[in-house]
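[1] Below are the sequence and a predicted model; questions follow.
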Amino acid sequence: MAEIPKVLSIAGTDPTGGAGIHADLKTFQEVGAYGMAVITSVVAQNTVGVKDVWHMENEAILKQLEAVLEDIRPQAVKTGMIALPSMIESITDRLERENLPIIVDPVMVATSGDSLMDKETTELMINRLLPIAEVVTPNMEEAEKLTGVNVSTIKEAEKAARLLVDEMGAGAAVVKGGHAKDTAIDVLYYKKEFIHLTADRFDTKHTHGTGCTFSAAIAANRAKGIPVIKSCELAKEFITKAISHPLNIGHGSGPVNHWGRFLEK
Ligand SMILES: Nc1ncnc2c1ncn2[C@@H]1O[C@H](COP(=O)(O)OP(=O)(O)OP(=O)(O)O)[C@@H](O)[C@H]1O
Ligand SMILES: Cc1ncc(COP(=O)(O)O)c(N)n1
């Protein structure tokens, strides 16, 4: 029997199920990979905002990670919310010992606008985690914070994506254009080539968890052995379908529909 694709998310929680670990696990399942999760922070949040956060001790994170790795080895890893510098250090130290594709979603702010990462953590993200990332998936604002390039046009997104790979050491970068005005074009830079992942832009406020879902889909595709560019293209199709079939739940920016691709448009 062919090996079951297995994928691990290392991220924070969202009790309303739209972002973080919860979005990742739903996405893994829908994309056809067995999903696992190590929790970095417990976040009391909903579609309106973040109310409180409790960070796991490093020991608790590392023991969760060890428990997974010694038993069920994933074929790909995705990282999401990693809020503290010491967390970046210990997670990177452990992951460096594995030869696995790592998809890094550099979560800095929630859709609600609440900050999920401090400045010192951003520095360590740049120096430690980016160089071991196979793919890094910042939105425009995160790309600006990581590279120092002002990102509001496609050309600027290309400049930031190239820097993230050629100067900062990631294998590939997708600078997501979900926050642009008229389009939803994500710029992928891989092996010296730019690819524009293009989709219609939907006029909706229900985009809670879009970033988590997109990067989780890339990771699940990589666990299935799909090459990097194709994994990103399929993830773009997946998130576009998930946004195009809104669930209309929650009092704020509601979650996307993870089974959207099975629905007619
Ligand atoms: N309104 C939209 N219509 C179509 N695609 C969108 C829309 N919003 C986001 N996307 C797509 O969703 C994916 C995630 O992009 P986005 O820029 O929203 O990430 P993020 O900022 O990390 O997530 P979030 O907005 O949930 O914080 C990208 O492929 C982006 O193009
Ligand atoms: C635990 C956690 N991780 C990430 C996000 C960002 O979500 P989004 O995909 O909406 O940017 C979030 N709100 N909560």
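    Cool, the structure landed. Ligands and ions are numbered 1, 2, ... in the order given.

[2] can you pull the contacts of the residue of the stretch 51-200 of the chain found nearest ligand 1?
    Distances between the stretch 51-200 of the chain and ligand 1 by CB to the nearest ligand atom are smallest at Gly178, namely 2.5 Å. For glycine as for every other residue, the C-beta is placed from the backbone atoms N, C-alpha and C. Counting by CB atoms under 8 Å, 6 or more residues apart in numbering, Gly178 touches 139, 184, 186, 207, 210-211.

[3] SS state for it?
    coil (DSSP: H, G, I helix; E, B strand; the rest coil).

[4] Phi and psi next, for it.
    Phi and psi for Gly178, reported as degrees, to the nearest 10, are phi -60, psi -20.

[5] any chance of the contacts of Gly178 in CSV, plus distance to Val48, neighbour count and secondary structure?
    Output for the contacts of Gly178, formatted as CSV (distance: CB to CB, whole Å; neighbours: other CB atoms under 10 Å; DSSP: H, G, I helix; E, B strand; the rest coil):
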residue, distance to Val48, neighbour count, secondary structure
Asn139, 20, 25, strand
Ala184, 24, 20, strand
Asp186, 27, 25, strand
Thr207, 14, 21, coil
Thr210, 17, 25, helix
Gly211, 18, 26, helix
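
[6] any idea which of these is the one closest to ligand 2?
    Of the contacts of Gly178, the one sitting nearest to ligand 2 (CB to the nearest ligand atom) turns out to be Gly211, at 3.4 Å.

[7] Verify the stated contact: the closest one with Asp105.
    Yes - at 5.9 Å, Gly211 counts as touching Asp105 under the criterion of CB atoms under 8 Å.

[8] where do the contact lists of those two overlap?
    Thr137.

[9] could the contacts of Gly178 go into a markdown table alongside pLDDT and distance to Gly169?
    Formatted as a markdown table, the contacts of Gly178 follow (pLDDT from 0 to 100; distance: CB to CB, whole Å):
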| residue | pLDDT | distance to Gly169 |
| --- | --- | --- |
| Asn139 | 95 | 20 |
| Ala184 | 92 | 27 |
| Asp186 | 97 | 20 |
| Thr207 | 92 | 30 |
| Thr210 | 96 | 26 |
| Gly211 | 96 | 21 |
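
[10] restrict those residues to contacts with ligand 1.
    Checking the contacts of Gly178 against ligand 1 by CB under 6 Å from any ligand atom, the ones in range are 139, 184, 186, 207, 210-211.

[11] Show me which residues of the chain sit near ligand 2.
    Counting by CB under 6 Å from any ligand atom, the chain sits next to ligand 2 at 11-14, 19-20, 43, 45, 80-81, 107, 110-111, 208-212.
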